[in-house]
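Peer 1: Provided below for reference: sequence and predicted model.
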Amino acid sequence: MHKEPAMTDSSLAVVILAAGQGTRMKSALPKVLHPIAGRPMLGHVLAVAKELGASRTLVVTAPGAKAVADMVAANGAMSVVQDRQLGTGHAVSMAEAALAGFKGNVLVLFGDVPLLTAQTLQRLVSRVGTSADISALGFRPADPTGYGRMVTEGERLLRIVEHKDASESERGIGLCFAGMLAAPAPLLFDLLRDVDNRNAQGEYYLTDVFSGAAKCGLTAIAVEGPEEEMMGVNSREHLAEAEAMFQTRRRKEFMAAGVTLTAPSTVIFSADTVIEPDVTIGPYVVFGQGVRVRTGAEIKAFCHFEQADVGEGAIVGPYARLRPGAVLEAGVHVGNFVEVKNARLEKGAKANHLTYIGDARVGAGSNIGAGTITCNYDGVNKHHTDIGAGAFVGSDSVLVAPVSIGDGAYVAAGSVVTKNVEAGSLAIGRATQINKLGFAERIRARHKSAKKKES
Ligand code: UD1
Ligand code: MG
């Protein structure tokens, strides 16, 4: 068992609600596992919990949601199952047993609200125990329909009334509950015990803890945050909107950190993409997961990357594809229609046109001519191609792996290389050319007379 350090009152537990059905996604995949920038929505929420320094993170899941539970475990968090979805208040109370004895603050988040920043949540949490007993995150959406309305007096929150339970005048309130709240654990669970389900939806509302707090003379406050962070994902259309918002945010962050994007709106990042300062990225570039681009590199238009590492000052594209395990060391050039997979191109190596390099090493300073292909696959197994430093592989060569080409060797254009090439040698693996003098005229005459006979 993992042993927690002694708790202080400033410690934080995060409870993430993720037991909802998400029926509007019309998907076999649980809603919170749908990705934004390649990372499941729930992964974004878990990441923010980590960023806030949560000492415990609990995720409330539906029964049988194994894929969700696996992801939670892989992130070092804990799942608690809510057998029946009886409401958000009921969902939070599922975490009580797991938090027995915990005296710090609890922050409640939703698994389908993936764009919240640690900064905004910090503002919510920091008020608890200083200027409030319990705090709730609010925002002013363009269309408040469906949201809980926050009944306030100044900053003080008196109660939250759900849209379906609200009167006409309450529906006129613009300040809506985003769903997130912070309170000391013992207080929150005490307040939840008094929540019933006598309301329009017959649910145990989390929102009822605020009127409960007011009744006890406690101070509840509403903290306002930006609408774009509060967006909840309920449909594929929302998913696409959240994706677009995430991408816009990430592009701005990269530019602020010293990355040039010549056409920002056409570049797609993954949540884990690392781009160092002074990298230039041209239009229409897609970063799949696990990519790092080091300082000074230039990525030209129309490239696609996945689990790849682009070295300092490398030049890639246009139209290059780096697949998993592609490592380009400093100063490497990879040009148009070049695909690299599970291969290391060492310092200054070049493959500028129409090439496939898979399961290979290309030594420092080597040059791979246009149309060269490593034949790495025999239909059953993958084999390695090893090219030494300073080698020159002529255009349109086929390197049949397993095979090695030594340092400084030459491979003549159009060769099919099936045998290892020693360092410093020249390999020629092609049919010998024969020139037949005057044959062109004779062939042409023969074709012409055949055509005449036909007509
Ligand atoms: C909730 C709030 C509402 C707020 C809105 C913001 C309540 C009663 N209402 O309403 O004031 O404006 O969010 O989006 O809290 N969930 C469970 N178990 C359950 C029920 C829900 O885990 O039994 C999870 C859902 O998966 C979801 C979250 O809790 O992640 C919110 O549930 P949802 O049904 O969307 O609440 P709303 O009705 O939208
Ligand atoms: Mg909702």
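Peer 2: Cool, got the structure. This structure is a prediction, so every number in the text was calculated from the model and none was measured. Ligands and ions are numbered 1, 2, ... in the order given.

Peer 1: Ser397 touches Thr374, doesn't it?
Peer 2: No - at 9.6 Å, Ser397 does not count as touching Thr374 under the criterion of CB atoms under 8 Å. The C-beta positions use only the backbone N, C-alpha and C, and glycine is treated the same way.

Peer 1: after the longest helix seen in the chain comes which helix or strand?
Peer 2: For the chain, the helix with the greatest residue count under DSSP state H is helix 236-256. Once helix 236-256 ends, the next helix or strand along the chain (criterion: DSSP states H and E) is strand 260-261.

Peer 1: related to what we said a few turns ago, more crowded one of Ser397 and Thr374?
Peer 2: Thr374 (28 against 25; other CB atoms under 10 Å).

Peer 1: quick check: closest non-adjacent residue to that one.
Peer 2: Among residues not flanking Thr374 along the chain, Thr385 sits closest, at 4.4 Å (CB to CB, 6 or more residues apart in numbering).

Peer 1: what is the burial count for that neighbour?
Peer 2: The burial count for Thr385: 24, using other CB under 10 Å.

Peer 1: show me what it bridges to in the sheet.
Peer 2: When assigned by DSSP bridges, Thr385 has beta-bridge partners Ala360, Val403.

Peer 1: does it touch Val411 like I think?
Peer 2: No - under the criterion of CB under 8 Å, Thr385 makes no contact with Val411, lying 11.4 Å away.

Peer 1: what are the boundaries of the helices in this structure?
Peer 2: Per DSSP H, the chain carries helices over the ranges 41-51, 66-74, 88-93, 118-126, 168-171, 185-193, 208-215, 227-230, 236-256, 439-454.

Peer 1: and ligand 1, which of those helices is closest to it?
Peer 2: The closest of the helices of the chain to ligand 1 is helix 88-93. By CB to the nearest ligand atom, the value is 3.4 Å.

Peer 1: what's that closest one packed up against?
Peer 2: strand 12-18, helix 185-193 (3 or more CB pairs under 8 Å, 6 or more residues apart in numbering; DSSP states H and E).

Peer 1: is it in proximity to ligand 1?
Peer 2: Yes - residues of helix 88-93 contacting ligand 1 under CB under 6 Å from any ligand atom: 88, 90-91.

Peer 1: what parts of the stretch 1-150 of the chain come near ligand 1?
Peer 2: 17-20, 60, 82, 85-88, 90-91, 110-112, 147-148.

Peer 1: what's the neighbour count on the closest residue to ligand 1 within the stretch 251-400 of the chain?
Peer 2: Residue nearest to ligand 1 within the stretch 251-400 of the chain (CB to the nearest ligand atom): Ala271, separated by 19.6 Å. Here the count is done by other CB under 10 Å, and Ala271 has 17 residues near it.

Peer 1: can we start the residue count at 899 from this point?
Peer 2: Let's use 899 as the start, then, which means that last one is Ala1169.

Peer 1: list the contacts for it?
Peer 2: By CB atoms under 8 Å, 6 or more residues apart in numbering, the contact set of Ala1169 is 934-937, 941-942, 945, 1144, 1148.

Peer 1: do Val1225 as well
Peer 2: Neighbours of Val1225 in contact, by CB under 8 Å, 6+ apart: 1206-1207, 1209, 1241-1243.

Peer 1: give me the pLDDT value at Asp907.
Peer 2: Per-residue pLDDT puts Asp907 at 62.

Peer 1: and the strands in the stretch 1249-1353 of the chain?
Peer 2: 1265-1266, 1271-1273, 1283-1285, 1290-1291, 1296-1298, 1301-1303, 1308-1309, 1314-1315, 1324-1325 (DSSP state E, counting those that start in this stretch).

Peer 1: can you say which of the ones you listed is nearest to Arg1096?
Peer 2: strand 1271-1273 (70.3 Å; CB to CB).

Peer 1: am I right that Val1184 is in contact with His1202?
Peer 2: Yes - under the criterion of CB under 8 Å, Val1184 makes contact with His1202 at 4.9 Å.

Peer 1: any shared contact partners between Thr1283 and Val1309?
Peer 2: Residues touching both Thr1283 and Val1309 by CB under 8 Å, 6+ apart: 1297, 1303.

Peer 1: show me which of the residues of the stretch 899-1048 of the chain next to ligand 1 are buried.
Peer 2: Using 16 or more other CB atoms under 10 Å as the burial test, those include 915-918, 958, 980, 983-986, 988-989, 1008-1010, 1045-1046 as buried.

Peer 1: where do the strands sit along the stretch 899-1048 of the chain?
Peer 2: Using DSSP E, counting those that start in this stretch, the strands of the stretch 899-1048 of the chain run over residues 910-916, 933-934, 937-938, 954-959, 976-979, 1003-1008, 1032-1037, 1047-1051.

Peer 1: got CSV for those, with distance to Leu1090 and mean pLDDT too?
Peer 2: Putting those into CSV (distance: least, CB to CB, whole Å; pLDDT from 0 to 100) gives the following:
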stretch, distance to Leu1090, mean pLDDT
strand 910-916, 11, 98
strand 933-934, 30, 98
strand 937-938, 28, 98
strand 954-959, 13, 98
strand 976-979, 14, 98
strand 1003-1008, 10, 98
strand 1032-1037, 11, 98
strand 1047-1051, 19, 97
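
Peer 1: in the contacts of Ala1169, find the pair that's most separated.
Peer 2: Gly941 and Arg1148 (14.8 Å).

Peer 1: of those two, which one has the most company?
Peer 2: Under the criterion of other CB under 10 Å, the comparison of Gly941 against Arg1148 puts Gly941 first, with 23 against 20.

Peer 1: surely the more buried one meets Ala972?
Peer 2: No - contact criterion CB under 8 Å: Gly941 and Ala972 do not qualify, at 9.5 Å.

Peer 1: near ligand 1, which residues of the stretch 1049-1198 of the chain are found?
Peer 2: Residues of the stretch 1049-1198 of the chain lying close to ligand 1 (CB under 6 Å from any ligand atom) are 1058, 1060, 1074-1077, 1103-1105, 1130.

Peer 1: same thing but at 8 Å, please
Peer 2: Within the stretch 1049-1198 of the chain, the positions adjacent to ligand 1 are 1058, 1060-1061, 1074-1077, 1099, 1101-1106, 1128, 1130, 1132 by CB under 8 Å from any ligand atom.

Peer 1: return the members of these classed as buried.
Peer 2: Buried members of these, scored by 16+ other CB under 10 Å, are 1058, 1060, 1074-1077, 1101-1106, 1128, 1130, 1132.

Peer 1: in strands only, show me these.
Peer 2: Cross-referencing these against strands under DSSP state E gives 1058, 1074-1077.

Peer 1: tabulate those residues (TSV), appending distance to Ala1111 and pLDDT.
Peer 2: Shown next, in TSV, are these (distance: CB to CB, whole Å; pLDDT from 0 to 100):
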residue	distance to Ala1111	pLDDT
Ile1058	11	98
Cys1074	19	97
Phe1075	14	97
Ala1076	18	97
Gly1077	17	97
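
Peer 1: Ser909: which of these is nearest?
Peer 2: Closest to Ser909, out of all of these and judged by CB to CB, is Gly1077, at 22.5 Å.

Peer 1: alright, that wraps it up for me.
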